[in-house]
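Build me a structure from this.
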Amino acid sequence: MANTSSPEAPLPVAKVSQLIGGWVDRLGAVWVEGQITQLSRRPGMQFLTLRDTEHDVSLVVTCFRTVLEPLADTLHEGSRVLVHAKPEWYVARGTLSLRAAEVRLVGLGELLARLERLKRQLAAEGLFATERKRPLPFLPQCVGLVTGRASAAERDVLEVARRRWPAVRFEVRNVLVQGPQAAAQVTAAVRELDRHPEVDVIVVARGGGSVEDLLPFSDEELCRTVAATVTPVVSAIGHEPDQPLLDFVADLRAATPTDAAKRVVPDVGEEQARIHQLRDRARRMIGELVRREEAGLASVRERPALAAPHRLVAERGQELTALLERARRSLGHRLDRAESDLGHTLARVVALSPAATLERGYAVLQRPDGQVVTDPAALAAGQALHARVAGGGFDVTVSGLPPAPEPD
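Numbers count the residues shown, from 1 in each chain. Model (predicted):
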């Protein structure tokens, strides 16, 4: 039968619903995994609301009481289950549901295996790398806190932080910390606080719980959101043994919410004590430095050059005077020796001088041409000569010659 319609021949609502039901009936049974967000037990039929663990999508599941009887003591809201069911269309109300023939609890081992696979994937992408982790500010002015409403974790963080540093301010975002919607709410709160201009650090805090209770903090979208934040993030989930994947992605993992408060803000008393210690240490060091410099200055001032500077000048003056006297004596001795040598030389020169010979009464005869007469035989009678004596000179004439000496 052709299912055609037009504005002139529209299909009734019941017919459309029947057609949809026919299409749905042709679907086979499927295995579906999800988390129970609502559980309604009735005498005959059991109703479950099954929610996707990663997306905001839910389906109603119906089954007979006998299907859930084996899980009566362990099945509760928040449980993760595998459902073998066939889609059904309720024509009268136009609603889709799943008719379950079998319901199984997802085992802890399977959950842990999935978390381990996700952990390896995120680690391979570098989201756990130490070099990408940012340091926390020493003194944050405003701390963003993501936690459950009126929870012990919220109380611990606020009280401990304010006791350590009373001036610290908080931007608190209360969210679900357990159940199908917890991961989405925590992720949205982290994004909001990361955009807040005054928030210096974000703390995600929750008390301890089972692996199933802490599953929202191993959500892949939450881990990627924390890795992409600009603001440093502190993970304070559960107690020391608890380690959801958020601990590996966060910039700092705190063992407990109380530990997170201690590591986010400094203790004012401890800081004041540290400042006093540093001041005392600085005073001691400066005092020791001053005393050391004073001792060095006193040692320098005690040196003769500074203790009696005129003495050094006087000593140098005495040395200079002694050198001058020595120089004078040496020069005098040299002059005296030179004068004596000069006198002796002069006496020798005078003794050898022709003038000294003339002083003793000798005379020098010279011809008119200036030649000295040394041999009488070379003279002739009447020859004019010039005689030179000590007192001067005069002219003479040869009058007679001595007889020539007889030959031997």
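
ok, E221 to E54 distance?
Separation of E221 from E54 (C-beta to C-beta, to the nearest Å): 7 Å. Where you see a C-beta, it was placed from the backbone N, CA and C, and this is true even at glycine.

Spit out the residues that contact these two alike.
The contact sets of E221 and E54 overlap at A183 (C-beta atoms under 8 Å, 6 or more residues apart in numbering).

mind listing the helices for the protein?
With DSSP state H, the ranges of helices along the chain come out as 13-25, 65-68, 108-124, 152-164, 182-195, 220-228, 245-249, 257-264, 268-301, 304-307, 309-352, 354-359.

can I get those helices in a markdown table with distance to Q371 and mean neighbour count?
As requested, the helices of the chain are arranged in a markdown table below (distance: least, C-beta to C-beta, whole Å; neighbours: other C-beta atoms under 10 Å):
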| stretch | distance to Q371 | mean neighbour count |
| --- | --- | --- |
| helix 13-25 | 173 | 13 |
| helix 65-68 | 174 | 14 |
| helix 108-124 | 136 | 13 |
| helix 152-164 | 136 | 19 |
| helix 182-195 | 137 | 19 |
| helix 220-228 | 136 | 18 |
| helix 245-249 | 138 | 23 |
| helix 257-264 | 134 | 23 |
| helix 268-301 | 90 | 10 |
| helix 304-307 | 82 | 10 |
| helix 309-352 | 22 | 10 |
| helix 354-359 | 15 | 12 |
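
I'd like those helices as TSV, with distance to T130 appended.
As requested, the helices of the chain are exported to TSV (distance: least, C-beta to C-beta, whole Å):
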stretch	distance to T130
helix 13-25	52
helix 65-68	47
helix 108-124	12
helix 152-164	25
helix 182-195	21
helix 220-228	13
helix 245-249	11
helix 257-264	17
helix 268-301	27
helix 304-307	61
helix 309-352	66
helix 354-359	119
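
And those: which comes nearest L50?
Closest approach to L50 among the helices of the chain is made by helix 65-68 (13.0 Å; C-beta to C-beta).

so how far is the closest one from its chain's centroid?
Put simply, helix 65-68 sits 65 Å off its chain's centre (C-alpha atoms, centre = their mean, to the nearest Å).

need the contact list for V60.
Applying C-beta under 8 Å, 6+ apart, the residues contacting V60 are 47-50, 95-98.

A380 versus the closest residue to R173 other than its chain neighbours, what's the distance?
Leaving aside its sequence neighbours, R173 sits nearest to A189 (C-beta to C-beta, 6 or more residues apart in numbering; 3.8 Å). Distance, A189 to A380, by C-beta to C-beta: 160 Å.

Same question for A327.
In terms of C-beta to C-beta, A327 sits 68 Å off from A380.

And for L19?
According to C-beta to C-beta, L19 stands 191 Å off from A380.

before we move on, the earlier item: the contacts of V60 in strands, which ones?
Using DSSP state E to define strands, the subset of those located there is 47-50, 95-98.

Any chance of those residues in CSV with pLDDT, distance to A124 and neighbour count as columns?
Below are the ones in strands among the contacts of V60 laid out as CSV (pLDDT from 0 to 100; distance: C-beta to C-beta, whole Å; neighbours: other C-beta atoms under 10 Å):
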residue, pLDDT, distance to A124, neighbour count
F47, 88, 42, 14
L48, 89, 36, 29
T49, 89, 35, 17
L50, 89, 31, 26
T95, 87, 43, 11
L96, 89, 39, 14
S97, 89, 40, 20
L98, 90, 36, 22
